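Engineer: Could you look at this predicted model? Sequence included:
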Amino acid sequence: MDKRLYFILVLSILSLTNCCGLYTTAGLKKTAVQRALLKEYFLCVCITEGFKDQQIGENDISQAVYFDILRYSPEAIQELKDYAKTFIETLKPSPIVDLDNKKAIILSSIEKYKSKELDRFIKSMDKYLVND
């Protein structure tokens with residue numbers, strides 16, 4: 001298996017393990033927990049979109065798991081996916097010749113994941129939270 005694909009699969013498994021193991025049913029109802037999950041979903045979409053040519057989305061169920069545990073309306077999920085796709089599309093290839101014009105997809109996605117801009121975007125999605 002290609003090392004990059006292996007790395008991405010391990011990252012996905014770790015994210016799912018953390019996501020599914022840390023939250024109880026009651027905990028999933030908390031807004032802060034939902035924001036954290038939506039932020040993780042953003043990272044998941046970035047990786048899937050960034051490596052589309054390797055068909056990660058067809059071999060990984062992470063997005064489906066997040067969709068099942070997120071308590072946001074489908075509009076929020078689509079808005080977040082569009083946001084992540086746009087972000088990935090704006091990534092520029094490395095100007096360093098030795099790097100074959102490749103993009104730093106995971107590095108850039110992690111930096112965006114940690115950004116205040118993403119935090120503001122995630123918070124703006126509160127209007128789409130579904131109450132039980």
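Structural biologist: Nice, thanks for sending it over. Numbers count the residues shown, from 1 in each chain.
Engineer: What separation do you get for Thr90 and Ile105?
Structural biologist: Thr90 sits 12 Å away from Ile105, taking CB to CB, to the nearest Å as the criterion. All C-beta spots, glycine's among them, are computed from the backbone N, C-alpha and C.
Engineer: just Thr86 next, same as before
Structural biologist: Taking CB to CB, one finds Thr86 at 14 Å from Ile105.
Engineer: Compare these two (neighbour count), which wins?
Structural biologist: Ile105 (17 against 10; other CB atoms under 10 Å).
Engineer: Excluding sequence neighbours, find me the nearest residue to the more buried one.
Structural biologist: What sits nearest to Ile105 in space, not counting adjacent residues and going by CB to CB, 6 or more residues apart in numbering, is Gly50, at 3.5 Å.
Engineer: got a list of what the one you found touches?
Structural biologist: By CB atoms under 8 Å, 6 or more residues apart in numbering, Gly50 lies in contact with 88, 91, 103, 105-106, 109.
Engineer: Just the buried residues from those residues, in ChimeraX please.
Structural biologist: Buried members of the contacts of Gly50 can be picked out in ChimeraX with the line below, counting by 16 or more other CB atoms under 10 Å:
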select :88,91,105,106,109
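Engineer: Flag the shaky bits of the chain, pLDDT-wise.
Structural biologist: In the predicted model of the chain, residues 1-29, 132 satisfy pLDDT under 70.
Engineer: Would you state the helices of it in chain order?
Structural biologist: Ranges of helices in the chain, per DSSP state H, are 3-22, 31-50, 56-59, 62-69, 74-90, 105-113, 116-124.
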